[in-house]
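>>> task: produce atomic coordinates for the following.
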Amino acid sequence: MFGYSGKLLRVDLSTSEVNEENLDPEILRKFIGGEGIASTILYREVGSNTDPLGPENRLILMTGAFVGTTVPCGIKTTVVSKSPLTGIYGESVFSAPLGVSLKNAGFDGIIIQGSAKNPVYLLIDQNKIQIKDASHFWGEETFDTVDAIRSELNDQRASIVTIGPAGEKLVKLASIIADDSRAAGRCGLGAVMGSKKLKAIVCTATGKVNVSNQEKLNEIKKEAVTIALPNTKAFREHGTATGLIVFEQNGNLPIKNWTSGSFPEAENITGTMMTEKILTACYPCMTCPISCGRKVKVESGLYSMEGSGPEYETMAALGSLCLNDNLESIAKANDICNRLGIDTISSGQAIAFAMECYEKGLIENTGSVDMNWGNPDAVVRMCELIGNREGLGAILGEGVRNASQIIGKRSEKFAMHVKGLEFPEHNPRRFKSMGLAYATSNVGANHNRGSPMLVERGLLSPELPWKEPVDGFSINDKGRITKVYQDLCCVVDSLGICKFMVFWGKMPLKLLVDYYNAITGWQINFDDLMKAGERIWNVQRAFNIKMGITKKDDTLPERFLKESVTEGPAKGQIVELDKMLEDYYGERGLDEEGKPGKQVLLDLGLEWISKDLYPD
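Down below sits the predicted model:
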């Protein structure tokens, strides 16, 4: 089989059993790989009564056909589990060599179940799978753990994903950190690892993935890179935060927990300012021509640090969302989040929530931390407290939905989440399609599970129906746009390629098909890929239906539905969700309660799910 290993590794940490399982090529054709395969496994093996932090939950790492090949940016691995933060389908994606090494070892993915009695790490190489003692690493920060394991194995090239103290302490915002820079940050999946006493997953295998037509692959690669390089110049120069000032100017930037539309101080926390003040180096992920990664250093003072620089989402979450314009403090807070292993997006939203609660007099016991808006010390200190599950941070680390229930006093008005997952940093008042995408996302509020604002911003693809930008303030046609981009994001993540290369690199979507056919030797077309994306989305939706999700959960915080800002480009705007949702349900074929229609499931070849949802 070309492009795939054709095998999965199943590890039961309760019994220390390790088994290999074959992957049916027909399943790969229908679900592509990555999140597609992982979603089907989660649906079949995890139920509504499964405790997300119990041994019966699954932690699934899955690669796609592009991973381990020479496809530029084909480096993404998807992590899937029942989320302890939301209680529904949980997913996050990271860039790191671990997926490549895993395929070199002969596996397309790993299914982890059970729970070890004592801390362990999983070691995978070409010859042997070992469950090794990690007691001496328990309590260590992520980067220290990576260094220590590499030293223990005498292998500085070992690829490692690990959790920090936050995952060990079951903080619901806990992330999984890959090597020394990248993260599977969302949905609290680091806490799932912690519940299984799994400190790290290590892979040392080398080799290559066999493809059907390497010569053709090289031709496609040349075309894709030629197109991408000029379109991603700003990312190479200033990282993903290059767009922050543009977003402040066009109304997309989150400000003061989404209550304001103007933040002139944003100029102090842009990618350009990071380049001028603290940048030490740029770096790419494996096989990436874009090189958007940043290495930064704050030489001295309270916020001294050296490590990976903040991405746009982090800069906005720990910056403008909290009215913090201190660049060095954001770099420090980002480093703390990475070392302790917590999601910067959810952490920033939790801190902004706490600042608004403090402003309104709803919380007083902050552990001597001044929680006034714009205080950089508070942002840094709260990241420490969340990651260590201490003080007010222990409450915020439960996520804003749970924190608001603990605090009470109608604090839920300030908790910006969908289905329990905190908001990312794109304004649904400015780009209305994002409001619909957040409301209907299978993981909760997440910009990577469907970014229809690309059409509103003019990033168009010739394979899709829209030939000119769509008005971001209009609600017309947003159901169709959102469905298409949600399905497309399922495809992209299942293939294992970075969205920056596909969308911001303006890669013709036909190249996804060309890549896939050259790698696998199969012959599919673009419609086949999009049908697979729709199939994957519906599996995830069906899982959530089993978890109790209904139409009432496809909504946004009241703030976006009823409150507008009084300044900036989005002045006076609210999200008219009901009309867009009606349009969307029609496009999806969902019934009035939000369940996929029986005929939709049958048409997608999901008879086994249809029997579950429609047992009569």
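
>>> can we go C-alpha only for contacts and neighbour counts from here?
Fine.

>>> in this structure Ser451 contacts Leu436, no?
No: Ser451 is beyond contact range of Leu436, at 10.2 Å (criterion: Cα atoms under 8 Å).

>>> shared neighbours, those two?
Common neighbours of Ser451 and Leu436, counting by Cα atoms under 8 Å, 6 or more residues apart in numbering, are Thr482.

>>> which of these two has more residues huddled nearby?
Leu436 (31 against 24; other Cα atoms under 10 Å).

>>> residues in contact with that one?
Contacts of Leu436 by Cα under 8 Å, 6+ apart are 478-479, 482, 577, 580-581.

>>> nearest to Gly68, of those?
Thr482 (30.4 Å; Cα to Cα).

>>> I'd like to know how far the closest one sits from Cys489.
To Cys489, Thr482 is 11 Å away according to Cα to Cα, to the nearest Å.

>>> what about those two, which has more around it?
Thr482 (27 against 21).

>>> and the helix or strand that one falls within, what does it pack onto?
Using DSSP states H and E, Thr482 sits within helix 478-495. Where contact means 3 or more Cα pairs under 8 Å, 6 or more residues apart in numbering; DSSP states H and E, helix 478-495 is packed against helix 34-45, strand 76-82, helix 432-440, helix 526-546, helix 577-588.

>>> which parts of it are buried?
478-495 (16 or more other Cα atoms under 10 Å).

>>> and what of stretch 138-158?
In stretch 138-158, counting by 16+ other Cα under 10 Å, buried: 138-143, 145-150, 158.

>>> for it, measure first residue to last.
OK, stretch 138-158 end separation, Cα to Cα: 19 Å.

>>> and if you look at stretch 445-458?
End-to-end distance (Cα to Cα), stretch 445-458: 23 Å.

>>> quick one on the thing from earlier: could you give the mean pLDDT of the helix holding Thr482?
Averaged across helix 478-495, pLDDT comes to 98.

>>> got it, and stretch 83-91?
99.

>>> can I get it in PDB, CA atoms only?
The C-alpha trace of stretch 83-91 is given here as PDB (Å, rounded to 0.1, in the frame of the first residue of the first chain):
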ATOM      1  CA  SER A  83     -12.800  16.000  25.700                       C
ATOM      2  CA  PRO A  84     -12.700  16.500  29.500                       C
ATOM      3  CA  LEU A  85     -13.300  20.200  28.900                       C
ATOM      4  CA  THR A  86     -16.500  19.900  26.800                       C
ATOM      5  CA  GLY A  87     -17.600  16.300  27.300                       C
ATOM      6  CA  ILE A  88     -18.000  15.900  23.500                       C
ATOM      7  CA  TYR A  89     -15.800  15.200  20.500                       C
ATOM      8  CA  GLY A  90     -12.400  16.600  21.200                       C
ATOM      9  CA  GLU A  91      -9.700  17.200  18.600                       C
END
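
>>> so what's Glu582 up against?
Counting by Cα under 8 Å, 6+ apart, Glu582 has contacts Gly479.

>>> look up phi and psi at Ile110.
phi -130, psi 140 (degrees, to the nearest 10).

>>> now it, nearest residue through space, not along the chain?
Closest residue to Ile110 apart from its sequence neighbours, by Cα to Cα, 6 or more residues apart in numbering: Leu9 at 4.7 Å.

>>> now that neighbour, which residues is it bridged with?
Leu9 has the following beta-bridge partners by DSSP bridges: Glu20, Ile110.

>>> any common contacting residues for Thr482 and Cys489?
450-451.

>>> so which residues of the stretch 101-250 of the chain form strands?
For the stretch 101-250 of the chain, the strands defined by DSSP state E, counting those that start in this stretch cover 109-113, 120-124, 129-133, 159-162, 176-178, 182-184, 198-203.

>>> report the mean per-residue pLDDT for the second one.
Translated: strand 120-124. Mean pLDDT, computed over strand 120-124, is 99.

>>> what lies in contact with it?
102, 105, 129-135, 197-205.

>>> tell me the buried residues within the residues you listed.
Buried among the contacts of strand 120-124 by 16+ other Cα under 10 Å: 102, 105, 129, 131, 134, 197-205.

>>> same list, those, but as JSON lines with pLDDT and distance to Thr70 please.
Listed next are the buried ones among the contacts of strand 120-124 as JSON lines, based on pLDDT from 0 to 100; distance: Cα to Cα, whole Å:
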{"residue": "Leu102", "pLDDT": "98", "distance to Thr70": "16"}
{"residue": "Ala105", "pLDDT": "96", "distance to Thr70": "17"}
{"residue": "Ile129", "pLDDT": "98", "distance to Thr70": "27"}
{"residue": "Ile131", "pLDDT": "99", "distance to Thr70": "31"}
{"residue": "Ala134", "pLDDT": "99", "distance to Thr70": "34"}
{"residue": "Lys197", "pLDDT": "99", "distance to Thr70": "35"}
{"residue": "Leu198", "pLDDT": "99", "distance to Thr70": "31"}
{"residue": "Lys199", "pLDDT": "99", "distance to Thr70": "31"}
{"residue": "Ala200", "pLDDT": "99", "distance to Thr70": "27"}
{"residue": "Ile201", "pLDDT": "99", "distance to Thr70": "24"}
{"residue": "Val202", "pLDDT": "99", "distance to Thr70": "22"}
{"residue": "Cys203", "pLDDT": "98", "distance to Thr70": "20"}
{"residue": "Thr204", "pLDDT": "97", "distance to Thr70": "19"}
{"residue": "Ala205", "pLDDT": "95", "distance to Thr70": "17"}
